[in-house]
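1. Build the 3D model from these lines:
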Amino acid sequence: MKTKRGSSMPIIMALSLLSGAGCSSYRMRSPVPEELRTIAVPVFENASGFPEIDALVTQEVLREFQREGTFKLARLDAASLKLLGKLESSDNEPINFDRNFSSRASEYRHTLTARITLVERGSGKLLIDDLPVKANTTFLARGDMLTGLQDAQPRIARDLARAITDAVLAYWPESK
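-> Sure thing, here's the model as predicted:
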């Protein structure tokens, strides 16, 4: 079957217009004002009862801000924003039990809760005030709950860092 050479041109143009229209609402720029794109993140306070998790969560929050790319990390005296965090609780809930010993848990859900405050450093204005942010992961006890908790630390720190970064970015809604 032969087609005329020029007959496919209108179809190609129509398809390119339709595909371009689908992306018309997508924005490449951030809604965060340019003058507020530097952030300092001091080490989180740890009231969770889970030793050393504060340093790990802080490190993952810094890493997540770098990965996301909206904010540039800065020293406290040079940043336009300051993110304060407090790890307030660390809970373990049994979710799976050993078949041979019904009272012995073999798998747990670990939940870590932080509270964050975002301050505009120049004016002292609170942008986010004591917002709770949670993350959870599961781990196998395998007879040693402490080892399971230690294995879960990096996962829960990464998940909490993503949730914190998302909460900070959600302060500035997308403009339409």
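
2. could you pull out the helices for the protein?
-> Secondary structure of the chain (DSSP state H): helices located at 8-22, 53-68, 145-170.

3. okay if I get those helices as CSV plus mean neighbour count?
-> Where C-beta positions appear, they are placed from N, C-alpha and C, glycine not excepted. Output for the helices of the chain, formatted as CSV (neighbours: other CB atoms under 10 Å):
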stretch, mean neighbour count
helix 8-22, 9
helix 53-68, 18
helix 145-170, 18
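
4. how about those helices, which one is nearest residue 35?
-> Smallest distance to residue 35 across the helices of the chain (CB to CB): 16.0 Å, for helix 145-170.

5. ok, back up a step: which stretch in the helices of the chain is the model least sure about?
-> Lowest mean pLDDT of those: helix 8-22, a mean of 58.

6. pretty sure residue 116 is touching residue 165, no?
-> No - here residue 116 does not reach residue 165: they are 10.2 Å apart, not a contact under CB atoms under 8 Å.

7. Can I get the helices of the chain in CSV including distance to residue 38?
-> Shown next, in CSV, are the helices of the chain (distance: least, CB to CB, whole Å):
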stretch, distance to residue 38
helix 8-22, 34
helix 53-68, 10
helix 145-170, 13
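
8. who wins for proximity to residue 39 among those?
-> helix 53-68 (6.3 Å).

9. roughly how far out does that closest one sit from the chain middle?
-> On the basis of CA atoms, centre = their mean, to the nearest Å, helix 53-68 sits 9 Å off its chain's mean C-alpha point.

10. what angle do it and helix 145-170 make?
-> With axes from the mean of the first three to the mean of the last three CA atoms, to 10 degrees applied, the angle from helix 53-68 to helix 145-170 works out at 40 degrees.

11. Report all helices and strands that helix 53-68 contacts.
-> Using 3 or more CB pairs under 8 Å, 6 or more residues apart in numbering; DSSP states H and E as the contact test, the elements touching helix 53-68 are strand 45-46, strand 72-73, strand 81-97, strand 105-120, helix 145-170.

12. Show me the contact partners of it.
-> Under the contact criterion CB atoms under 8 Å, 6 or more residues apart in numbering, helix 53-68 has outside partners 39, 41-46, 48, 71, 73, 83, 85, 87, 90, 112, 114, 153-154, 157-158, 160-162, 164-165, 169.

13. Distance to residue 30 added to the helices and strands packed on helix 53-68, as JSON lines?
-> Below are these laid out as JSON lines (distance: least, CB to CB, whole Å):
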{"stretch": "strand 45-46", "distance to residue 30": "28"}
{"stretch": "strand 72-73", "distance to residue 30": "12"}
{"stretch": "strand 81-97", "distance to residue 30": "13"}
{"stretch": "strand 105-120", "distance to residue 30": "15"}
{"stretch": "helix 145-170", "distance to residue 30": "8"}
